[in-house]
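*Asks:* from the sequence below, what's the structure:
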Amino acid sequence: MKYSTTDEPELSDLSAKAQNSRLSTFLGKVVLSVIAVPCGGYLLGRLLERLWPGEISWSITLLLLGLMVGLIYLWLWMKRDRASLGE
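*Replies:* Numbering: from 1, shown residues only. This is a model prediction of the structure:
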């Protein structure tokens, strides 16, 4: 069976749907929370270690703090999203 051109979705419609999908939003939040925030904490820690060298490993401390903040943010976002869905 052949499809007419009106039955096939346009590529621009598929792109818009993919950008607005819940999965892409969720994956974006996960990447931001679990990767970007801890990496930022690590980089800030490396800077602090250069400015104030000492016994405390600022890079590991801020990496773990960034991971904890990112996971808490992700958990609160998921909790809020579930409440908005009415579950």
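
*Asks:* what number of residues lie near the closest residue to Leu63 other than its chain neighbours?
*Replies:* Taking CB to CB, 6 or more residues apart in numbering as the measure, Leu63 lies nearest to Tyr42, with 4.3 Å between them; neighbours along the chain are not counted. Backbone N, C-alpha and C define where each C-beta goes, glycine included. Tyr42: 19 surrounding residues under other CB atoms under 10 Å.

*Asks:* touching, Tyr42 and Leu62? I think so.
*Replies:* Yes: with contact defined as CB atoms under 8 Å, Tyr42 reaches Leu62; the gap is 6.4 Å.

*Asks:* where in this protein is pLDDT low?
*Replies:* 1-20, 85-87 (pLDDT under 70).

*Asks:* look at Glu55 and tell me its secondary structure.
*Replies:* Following DSSP: H, G, I helix; E, B strand; the rest coil, the label given to Glu55 is coil.

*Asks:* tell me the phi and psi of Gly54?
*Replies:* Dihedral angles of Gly54 (phi, psi; degrees, to the nearest 10) stand at phi -180, psi -160.

*Asks:* try Trp52
*Replies:* The phi and psi values for Trp52, taken as degrees, to the nearest 10, are phi -130, psi 80.

*Asks:* all strands for this protein, in order.
*Replies:* Taking DSSP state E as the criterion, the chain carries no strands.

*Asks:* which parts of the longest helix belonging to the chain are buried?
*Replies:* Ranked by number of residues, the top helix in the chain under DSSP state H is helix 58-85. Buried residues in helix 58-85, counted by 16 or more other CB atoms under 10 Å: Trp58, Ser59, Leu62, Leu63, Leu65, Gly66, Leu67, Gly70, Leu74, Trp77.
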